[in-house]
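Trainee: attaching a predicted model along with its sequence, questions to come.
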Amino acid sequence: MKFTAPADPERRSSNTGADTRDARLRLSLSGTNLERAGDYNQRIVLQAIRLTGETTRTALARLTGLTAPTIANITGRLMELGFLKPAGRLQGKRGQPAMRIVIDPDAAFAIGLNIDRDHITILTLDLAGRVRSRQSLEIAFALPATVTDYLRDVLPGLLEAGGIDRDRILGVGVALPDDLGRITLPHRPREYDAWEGIDLDELLGDVLPWPIHADNDAATAALGEANLGKGIALPNFFYLLISAGLGSGLVIDRSYVRGADSRSGEIWAMPDATGPRGTNIQDTVSLSALYARLEAAGHEARRPEELLNASQEKHAVIEHWLDDAARVLVQPLIAVNCLINPSTILIGGRLPAPLADALVERLNKKMTDLQLPAVAPVRRAETASDASAIGAAFMPFLDSLLPSESILMQAGR
């Protein structure tokens, strides 16, 4: 589906209502009647119920393309396992009212952990996709031992606050930037290279005694948006993660695209065609770069909330950074539009919402003025600051319960 950039970035094509959303879900939730595909179909049905919130067996058959007997068998089995529960019957229908089915959110849990150069965030997620509890520490360049000490301190309270049954935790997802211990950012201490090549199972296994799944923070942010935010209705989008550094991720047909070397989305490393020789996009478009500008101008800022309610002088520095960030991002986004043609470009990460909205407005104006074959509207991501941790928490669900591309491939063998 091609877009021409609308004057209002929130305006959507006329065919993006409820019917189109259901059609997109039908495409992404299509089951299969292949022999030995029962596990995949079970995952598809569970995902369909999770995404719709509440449904019936008849609606599930229509949504997934599976037969009514297959749906009856799968939902019965999922109820026996405790993943589903009845929610009463639909009223106002002739004949026997259909039974409504919902996810039991307490059936399974996962933990999401985001380790970055300026913070540590840990949260719990239930099977329905709700964040049950959260803890975060604003800390610059936390060393591995500092992370484990913090997790050991907050984990008991985190589980208690979320009402989490430890025996129902499927695993831990860990989101962290690629090359965490190698790439240089302002004020990075020399000992921070301790993160280079670190074994996360060995580091975290004692304090988080569940299976550990790790991935790039931009990839998990895109995953979180695809499962919880605006991405549910967007099968194809490009995600731009602005945090201490800069990352991005590409979702096509609801699958994250990693590239031949699993290094797709490395937008931070693209040369800045508008800046001094040898500079890259991340040298301007990152919170670290913004903090450095403020510091050079005599203003202190080390955490996102300190960028809000700023003095007039501090606000002027931030506005100038927003102008530069938009200018620097134009060329990469031209490449994204021309080579990939996503339906939407989402901006998420730890940039405060008012500043993210200001950047979105600037980018939409600049992109609208260009004569390109297609221009995707830029919008602020819904999951925003906790997107990486939320997406990380989805990884154990995808590994055990929900459908993924790898499960489909296995089912088709």
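Mentor: Done, it's in. Numbering: from 1, shown residues only.
Trainee: could you chop the chain up by domain?
Mentor: The record's domain parsing of the chain by automatic domain parsing lists 31-103, 107-222+389-400, 230-382.
Trainee: now render these as CSV, adding mean neighbour count and mean pLDDT.
Mentor: (Each C-beta comes from the backbone N, C-alpha and C, glycine too.) Below are the domains of the chain laid out as CSV (neighbours: other Cβ atoms under 10 Å; pLDDT from 0 to 100):
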stretch, mean neighbour count, mean pLDDT
domain 31-103, 17, 80
domain 107-222+389-400, 19, 94
domain 230-382, 18, 91
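Trainee: in this structure Ala140 contacts Tyr192, no?
Mentor: No - the criterion here is Cβ atoms under 8 Å, and Ala140 misses it with Tyr192 at 9.6 Å.
Trainee: quick one: stretch 147-167 to chain centroid distance?
Mentor: Offset of stretch 147-167 from its chain centre (Cα atoms, centre = their mean, to the nearest Å): 22 Å.
Trainee: likewise for stretch 272-289?
Mentor: With Cα atoms, centre = their mean, you get 24 Å for stretch 272-289.
Trainee: identify the residues contacting that stretch?
Mentor: 117-118, 185-186, 242-246, 267-271, 304, 321, 324-325, 327-329, 331-332, 349-351 (Cβ atoms under 8 Å, 6 or more residues apart in numbering).
Trainee: now swap in stretch 317-333 and tell me
Mentor: Outside stretch 317-333, the residues touching it (Cβ under 8 Å, 6+ apart) are 240, 267, 270, 272-275, 281, 284-285, 289-290, 293-294, 297, 299, 307, 310, 345, 355, 358-359, 362-363, 366-367, 370, 378.
Trainee: pretty sure Gly235 contacts Thr344?
Mentor: If you look again at residue 235, you'll see it is Pro, not Gly. No - taking contacts as Cβ under 8 Å, Pro235 lies outside contact range of Thr344: 10.3 Å.
Trainee: quick one, strands of the stretch 1-150 of the chain?
Mentor: 84-89, 99-103, 109-115, 119-126, 131-138 (DSSP state E, counting those that start in this stretch).
Trainee: by contact count, what packs against the shortest one?
Mentor: So the one you mean is strand 99-103. Counting contacts by 3 or more Cβ pairs under 8 Å, 6 or more residues apart in numbering; DSSP states H and E, strand 99-103 packs against helix 38-52, helix 57-64, strand 84-89.
Trainee: who are the contact partners of the closest residue to Leu123 other than its chain neighbours?
Mentor: With sequence-adjacent residues excluded and distances taken as Cβ to Cβ, 6 or more residues apart in numbering, Leu123 is closest to Arg134, at 4.2 Å. By Cβ under 8 Å, 6+ apart, Arg134 lies in contact with Thr121, Ile122, Leu123, Thr124, Leu158, Asp386, Ala389.
Trainee: tell me the phi and psi of Ala392?
Mentor: Dihedral pair for Ala392: phi -60, psi -40, per degrees, to the nearest 10.
Trainee: leaving out sequence neighbours, find the closest residue to it.
Mentor: Leaving aside its sequence neighbours, Ala392 sits nearest to Gly173 (Cβ to Cβ, 6+ apart; 3.2 Å).
Trainee: the one you found against Asp399, yeah?
Mentor: No - contact criterion Cβ under 8 Å: Gly173 and Asp399 do not qualify, at 9.1 Å.
Trainee: okay, and the common contacts of these two?
Mentor: Contact with both Gly173 and Asp399 is made by residues His213, according to Cβ under 8 Å, 6+ apart.
Trainee: sorry, back to before: which ones among the contacts of stretch 317-333 map onto helices?
Mentor: Among the contacts of stretch 317-333, the members found in helices (DSSP state H) are Ala289, Leu290, Arg293, Leu294, Leu355, Ala358, Leu359, Arg362, Leu363, Lys366, Met367.
Trainee: show me the contacts of stretch 272-289 that map onto strands.
Mentor: Among those, the ones falling in strands (DSSP state E) are Ile242, Leu246, Gly349.
Trainee: which residues in the stretch 201-350 of the chain form strands?
Mentor: Under DSSP E, counting those that start in this stretch, the stretch 201-350 of the chain gives strands at 212-216, 237-242, 246-252, 255-256, 344-349.
Trainee: out of those strands, the one nearest Asp167 is which?
Mentor: Set against Asp167 and scored by Cβ to Cβ, those come closest in strand 212-216, at 17.4 Å.
Trainee: ok, residues contacting the closest one?
Mentor: Contacting residues not belonging to strand 212-216 are listed as 171-178, 200-201, 204-205, 223, 247, 249, 265, 392, 395-396, 399 [Cβ under 8 Å, 6+ apart].
Trainee: so what pLDDT did Ala18 get?
Mentor: Among the per-residue scores, Ala18 shows a pLDDT of 45.
Trainee: again, but for the one 10 residues further on
Mentor: According to the prediction, Ser28 has pLDDT 48.
Trainee: picking up where we left off before, report the contact partners of the residue nearest to Ala392.
Mentor: 110-113, 212-215, 220, 391-396.
Trainee: and it, which of the three is it?
Mentor: strand (DSSP: H, G, I helix; E, B strand; the rest coil).
Trainee: identify the farthest-apart pair in the ones in helices among the contacts of stretch 317-333.
Mentor: Leu294 and Met367 (27.1 Å).
Trainee: nearest spatial neighbour of Arg117, chain-adjacent residues omitted?
Mentor: Going by Cβ to Cβ, 6+ apart, Arg117 has Ala244 as its nearest residue, at 4.0 Å.
Trainee: quick check: that neighbour touching Asp116?
Mentor: Yes - Ala244 is within contact range of Asp116, at 5.3 Å (criterion: Cβ under 8 Å).
Trainee: name the residues contacting each of the two.
Mentor: Pro177.
Trainee: roughly how far does Arg77 sit from Asp201?
Mentor: Relative to Asp201, Arg77 is positioned 32 Å away (Cβ to Cβ, to the nearest Å).
Trainee: nearest residue to Ala98 other than its sequence neighbours?
Mentor: Distances taken as Cβ to Cβ, 6+ apart place Thr56 nearest to Ala98, at 4.1 Å, with adjacent residues excluded.
Trainee: quick check: that neighbour vs Leu339, distance?
Mentor: 42 Å.
Trainee: also Arg254?
Mentor: 20 Å.
Trainee: nearest to Leu51 among the contacts of Gly173?
Mentor: Nearest to Leu51 among the contacts of Gly173: Phe394, at 12.5 Å, using Cβ to Cβ.
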